[in-house]
Structures are given as structure tokens and as C-alpha cells.
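S.K.: Okay, predicted coordinates and the sequence, questions at the end:
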Amino acid sequence: MKKQGKIPFVVGNFWLPRAMWLAPLYLAWLAACSGSSSKKGRALVGDTVVQAPRTAGTTNLYQSDTLKGSPSRKLFVKIGKSDFIDLRYHSPGVRGRIIWGGLVPYNQVWVTGAHMASIVHFSGAVEVAGNLLPAGVYTLFSIPAPGEWTLIFNRNWDQHLTDEYSPKEDVFRFRATPQILPDTVQRFTYFLTPKDSQTVEMAFAWEKLKVAFDVKLNGELEK
């Protein structure tokens, strides 16, 4: 019995070998793969790629942000001769939502970020709003309000959101008045900005609000 050959592809009255009619499909597939892996026009936030261009003249603002998750971010700044502040947090986006009084309720303890509690490590003792804070690792909770906010340094930094929050573990609370920003900060962002050799401004911004306070190195606390 004669063996049956490979089945050809028929175009009109012409018979084409399989390789010839598969070639255009293969080239189209290569082009699609090439386009999907391109990183042109993307901006990096931590280890996560965000499909959005940076706003001109800024480092943390985005004109649009389609990322649905809350990528992790980290900040590090030196203070004094050998001390530092190390901050780790998660960064949610606005994505067209009502943030203050909506996604983040007023008059309730908030994680001041997303997912796990934000971690702040002070290598040396510091002073915040007249309160002494020993060297160590803490989390920063907050209670948003239409006017003045309450900020909380708490010892239990290893927790999800505020699931295990207890006022008994507060180191201290202090108040701060938010600033209204002219432009929208699309993604929740912390800032550590040196003011002089002994002082760093710690701040966070989201949507059109920014809350800031000074962190001053206090070597007297460790003596």
C-alpha cells in the first residue's frame, strides 16, 4: 500500500507545502511575543513594573496608574554621623476611588499603607513632636480626620493591617495637620527628607493630602 504523504494546504487551485502556509503565522506569533515583553514607557516602583509614565519633574507621582496591587517599597536615609532610618511599606493606588472618608474611613485606626503594617527602623534614639522614641523597630498607625490627624508609633510592627492593633502597645501618639496638594499623588508614598545633619522630615502623601513631621536624632536618650 502506498504511504499517504503530508496533507498540503490548498489556496485556490494551488497546493502549498505545510512550511509555506505556517510561516506567516509563526512570524505573527514572534511579533506578538516581542511586543508583550517590551518595557518601553514603563516606570518601576520597587520591584514591580507599572504601566504608567512618570510625571515630569517628580520621582513618585504618576499621571495614571493601572496597577491593581500594592507593591512593596523601601526607603533608607542616614541621620547624624552613623545612624539611619529604614522604612518598608506597601503602596496602594488611587485608581479613581474616593480615598479619604471612603476607602480610608475617618476616625478609625489605619495601617498608613496597605497589607502588612509599615515597618520603621530607627538605629538610634529620636525625638518626634516632643516625644522620645528609643532605638528600635516600630510601625506607624494613623487616625485620619477631616482636619487634624492622630499619628501613632506602635511596638507591634509584625501584623497584617490593624488586625492585631492594641493601644496598650502604643509608644506615644501625636497630632499633625495634613497639607492639601495641588496635584494628585496616584500611589501612596512615604518620604524621608534630610533637613540638617540631625533632622529628617518623615512624610507620606496620597491623593491630594500630605502629612509630615520631623524626626530628630536624640543621643541623650541613650546615655
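M.R.: Received the coordinates, thanks.

S.K.: so how far is Leu140 from Phe191?
M.R.: Here Phe191 is placed at a distance of 13 Å from Leu140 (CB to CB, to the nearest Å). Where C-beta positions appear, they are placed from N, C-alpha and C, glycine not excepted.

S.K.: So between those two, which is more surrounded?
M.R.: Taking neighbours as other CB atoms under 10 Å, Phe191 and Leu140 compare with Leu140 leading, 24 against 17.

S.K.: quick one: that one is in a helix?
M.R.: No: going by DSSP: H, G, I helix; E, B strand; the rest coil, the assignment for Leu140 is strand, not a helix.

S.K.: Next, the contact list for Glu164, please.
M.R.: Asn156 (CB atoms under 8 Å, 6 or more residues apart in numbering).

S.K.: what's the distance between it and Ala205?
M.R.: In terms of CB to CB, Glu164 sits 27 Å off from Ala205.

S.K.: got it, and Arg173?
M.R.: Distance from Arg173 to Ala205, by CB to CB: 21 Å.

S.K.: So which of the two has more stuff around it?
M.R.: The neighbour comparison of Arg173 against Ala205 (other CB under 10 Å) goes to Ala205, with 21 against 16.

S.K.: Surely Leu192 is in contact with Arg88?
M.R.: No: applying CB atoms under 8 Å as the test, Leu192 and Arg88 come out as separate, 12.0 Å apart.

S.K.: secondary structure element for the residue nearest to Lys78 when sequence neighbours are not counted?
M.R.: Leaving out its chain neighbours, the residue that sits closest to Lys78 by CB to CB, 6 or more residues apart in numbering is Phe84, at 5.2 Å. Here Phe84 is covered by strand 83-90, with elements defined by DSSP states H and E.

S.K.: Tell me how many other residues crowd the residue nearest to Lys78.
M.R.: Neighbours of Phe84 using other CB under 10 Å come to 15.

S.K.: Tell me the confidence at it?
M.R.: At Phe84, the pLDDT value in this model is 96.

S.K.: Which residues are in contact with it?
M.R.: Phe84 neighbours (CB under 8 Å, 6+ apart): Phe76, Val77, Lys78, His121, Ser123.

S.K.: Equivalent analysis for Phe141, please.
M.R.: Going by CB under 8 Å, 6+ apart, Phe141 touches Val109, Trp110, Val111, Thr112, Ala117, Leu151, Ile152, Asn154, Thr162, Tyr165.

S.K.: What number of neighbouring residues does the closest residue to the third one other than its chain neighbours come out with?
M.R.: Nearest non-adjacent residue to Val111, counting by CB to CB, 6+ apart: Leu161, 4.8 Å away. Leu161 is surrounded by 15 other residues when neighbours are defined as other CB under 10 Å.

S.K.: Cool, thanks, talk later.
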